[in-house]
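Asks: Structure for the following, please:
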Amino acid sequence: MIRRTLEELCLSEAEMAPLRRLLPGPEPELTLPPAGPCPGGAGAGMGGGAAVPGMAGPDRRLIQVCETLLDGNELRYLTECVESNWVSSAGRFVGDFEQRFAAASGCAHGVACASGTAALHLTLAALGIGPGDEVIVPTFTMIATANAVAYTGAQAVLVDADAGTWNLDVEQVAAKVTPRTRAIVAVHTYGHPADMGPLRDVAARHGLALLEDAAEAHGATYRGAAVGGLGDAAAFSFYGNKIVTTGEGGMVTTNDERLAATARRLRDHAFSSERHFWHGYLGFNYRMSNLQAAVGLAQTERLPRLVAARRHNAERYRDRLAGVRGLTLPGERPEVESVFWMYALLVEDDFGCSRDELRHRLARQGIETRTFFIPVHLQPIYFRRHRGERYPIAEELCRKGLYLPSGPALTAAEIDLVAGEVARSGDRGLAGGGRS
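Replies: Down below sits the predicted model:
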C-alpha cells in the first residue's frame, strides 16, 4: 500500500515535461571561497570592486538565508522553565505569550499551538469546514496552506497571484466563489500584506469567513492595522526563520471569542470540562510547550526591533541593487507597511545568467539562497486534481524568483557582499554573451 501511494505521487514523464522549464534545479552546494580578499562590495559589478571590510580571509563565514537572533530574555525565561520544572504546555509562559502576541496583532485572543500549519488547520476546523466545502487559496503559497484545507476534507480552490504584489489576485477570488465556498485564505506573501479591504467586501457579500495566513508577516500593517486582526482569524508560524520564532510553533489570533474557545479545545484532544479523559468530538494534539512559549514571549517583547531589522535589510538591498539590469525588486504599496520577511526578487531573462546559475554562483561564495514557492497546482499531490488549470503569474514567479539572506543577524557588510556578488554575476553573464 505504501509503495502504491508513492507511485501515485510520481508524475509521468509526459506530465513532467512541460513543468521542467518552471521548476528549480537541484540545490547548489554551499561552500566558502578560498581565503583572500573578498571580491564583492557595494560597488562590485556596478563600476567598483572594493573589498568589503571585515569580510576577507578567516573572518568570512557562510551567510545563511536566515539566522535567528536570540539576544533578549530567551535564556532567562527558559531557565525559569527548567528551574520551576514547568516544561509542558501547562506553564505560565503559554498564556503570557498568547496574550502578548495577540495584543501585538490587534486581537483579543491567541491560541498557541504546534505550528503555523496546525494554526490554520485549527481555524478551519473550529469553523466547521469539512468534506463538500470549498476554500479559496492562492496557488502561489507554501504548500501548507493547501494542506491545511485538505486535512479538513474540504477542497482547495486556487487563484493566481497578482503580478505586482505576488499576493492572491482579488478579482479572481470573486470569480471563484460558488455555493460550496465557505472561506477565503489570504496569504501575506513574504511579509507583504494582501489587499484585505476588497477581500473583506467579497467575504461579506457572500457570507464567507476571511482568514489570514500570516506565517511570514509578524508586525506588518495594512491601512494602519496590524495583520492578524484583519479578518475573522489568522494563523501565524513561529518556525526558526520567522520574524518571531519559538523554534517550532504557531498561533491562531482572533477577536471571535467562540472561535478561540473552540480552537483552544481542539488543540488539546478536545478534552471535556466536565471530566478528564472525556471527549465529545475529534480533537488534535497541537499544544505548544512552556519552553517554546518562553522563547516566543521573549521574541515578542522585541517585535518592533526584529521588524526594523528586516526593513533595514530591505532598504540596504534596494539601495545596492536598484541599478542592476535584469532584476525586479520587491515594492511596497502606500497603504501597507511590509516586513520583508525575506528579501525576494525576480531574475529576469535579460539579467545575464539564469536564476539557478545565479544561485550556484552565490553558493560558491558561501551565500545561501532559496527559490520561490512551487505553486500548488504543480505539486505532485495536487497536480492531477488541478490538471489543465493554468496560473501564469504564479508559474513565472516560480521560474524567476529567489530570496537572499534576510535574517536579523545580518550585517551591513554581509548585505554589501551579497548585493555585490549578485551584481557581478549579472555583469559577468552579459560580458560573456548572455545567459549561462
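
Asks: C-alpha from now on. contacts and neighbour counts both.
Replies: Will do.

Asks: Against which helices or strands is the helix or strand where residue 291 lies packed?
Replies: For residue 291, the host element (DSSP states H and E) is helix 290-301. If contacts are counted by 3 or more C-alpha pairs under 8 Å, 6 or more residues apart in numbering; DSSP states H and E, helix 290-301 sits against helix 74-84, helix 92-104.

Asks: Packed most tightly, which of these would that be?
Replies: Of all these, helix 92-104 has the most neighbours on average by mean count of other C-alpha atoms under 10 Å, namely a mean of 21.

Asks: Surely residue 97 is in contact with residue 297?
Replies: Yes: counting by C-alpha atoms under 8 Å, residue 97 does reach residue 297; the two are 4.8 Å apart.

Asks: Give the closest residue to the residue most central in space within the chain in space, chain neighbours not counted.
Replies: In the chain, the C-alpha nearest the mean C-alpha coordinate belongs to residue 216, at 4.0 Å (C-alpha atoms, centre = their mean). Distance criterion C-alpha to C-alpha, 6 or more residues apart in numbering; nearest residue to residue 216, sequence neighbours excluded, is residue 191 at 5.0 Å.

Asks: State the distance from residue 14 to residue 379.
Replies: 15 Å (C-alpha to C-alpha, to the nearest Å).

Asks: buried residues in stretch 256-274?
Replies: Residues 259, 260, 262, 263, 264, 265, 266, 267, 268, 269, 270, 271 are the ones in stretch 256-274 that count as buried (16 or more other C-alpha atoms under 10 Å).

Asks: Spit out the contact partners of the fourth one.
Replies: Looking back up the chat, that one is residue 263. With contact set as C-alpha atoms under 8 Å, 6 or more residues apart in numbering, residue 263 has these partners: 111, 122, 123, 125, 126.

Asks: What distance do you get for the nearest residue to the third one once chain neighbours are set aside to residue 150?
Replies: The reference is to residue 123. Closest residue to residue 123 apart from its sequence neighbours, by C-alpha to C-alpha, 6+ apart: residue 263 at 6.4 Å. In this view, residue 263 and residue 150 are 18 Å apart by C-alpha to C-alpha.

Asks: quick one on the thing from earlier: let me know the helix or strand that the residue nearest to residue 123 is in.
Replies: Going by DSSP H and E, residue 263 is part of helix 257-267.

Asks: And stretch 188-197, end to end?
Replies: End-to-end span of stretch 188-197 (C-alpha to C-alpha): 14 Å.

Asks: Kindly provide the whole-number mean pLDDT of that stretch.
Replies: Averaged across stretch 188-197, pLDDT comes to 98.

Asks: Could you list the residues in contact with it?
Replies: Taking C-alpha under 8 Å, 6+ apart as the rule, stretch 188-197 contacts 141, 165-168, 170, 186-187, 212-218, 220-222, 227, 230-231, 332, 336-344.

Asks: Would you state the strands of the stretch 101-250 of the chain in chain order?
Replies: Assigned by DSSP state E, counting those that start in this stretch, the stretch 101-250 of the chain shows strands spanning 109-113, 134-138, 155-159, 181-187, 209-213, 221-222, 225-226, 233-237, 250-254.

Asks: Going by distance to residue 255, which of the contacts of residue 263 wins?
Replies: residue 111 (11.4 Å; C-alpha to C-alpha).

Asks: give me the number of residues near the closest one?
Replies: 29 (other C-alpha atoms under 10 Å).
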